[in-house]
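Chemist: Quick one, what's the 3D model for this:
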Amino acid sequence: MRLSNLADYAVITMSAAANHCGGQRISASELAEETGLPRPTVQKLVSKLTAAGLLRSVRGAHGGLQLARPAAAITVADIVEAVEGPIALTACVDAHGECDHEKHCTMKPHWPVINDALRGALAAITLTQLRTTPAQPAHEKEVA
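Modeler: This next block holds a predicted model:
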């Protein structure tokens, strides 16, 4: 499984916006400059993230964008779902999914469990955590 570039860029954009949380506001153009992402892409993302209730747009002389809720209350799952829609690894997890092999499938009852585990992992990572340097995963540590 691989996230789309747009979902990846949404996480990057929200991480940059989180660096300005606490009353500060930033424009989509400033976010694009800060992240190195194309301005039209950031503008598209800002629209989706605002519609999902993750960003708030304030108009006026001192307007701009800000997080709609605290960074600790916004997860990677929230961001991915704002751009991609509900996380569904297979068609049978999706409410509208159909499968030609459904009659004989022994995996169908297991996919929701797997899907929930993946979504749970993404939901356990907040924007606050993305602002810190992660610990090195055990499989990447050098053996002494």
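Chemist: Gln66 bridge partners, please.
Modeler: Note on Gln66: beta-bridge partners Arg56, judged by DSSP bridges.
Chemist: Quick one: the strands in the protein, in order.
Modeler: Assigned by DSSP state E, the strands in the chain fall at 55-58, 64-67.
Chemist: of all these, which lies closest to Gln129?
Modeler: Among those, strand 64-67 comes nearest to Gln129, with 14.5 Å by C-beta to C-beta. C-beta here means a position set from N, CA and C on the backbone, and glycine is covered the same way.
Chemist: residues making contact with the closest one?
Modeler: Strand 64-67 has contacts (C-beta atoms under 8 Å, 6 or more residues apart in numbering) with 14, 17-18, 20-21, 23-28, 30-31, 46, 50, 54-58, 74, 127.
Chemist: And the contacts of stretch 18-29?
Modeler: With C-beta under 8 Å, 6+ apart as the test, stretch 18-29 has contacts from 16-17, 34, 39, 42-43, 46, 58, 62-67, 70-71, 74, 127-128, 130-131.
Chemist: What residues of stretch 36-46 count as buried?
Modeler: Judged by neighbour count (16 or more other C-beta atoms under 10 Å), stretch 36-46 contains these buried residues: 37, 41-42, 44-46.
Chemist: Now do it: distance to the chain's middle.
Modeler: Chain-centre distance of stretch 36-46: 15 Å, with C-alpha atoms, centre = their mean, to the nearest Å.
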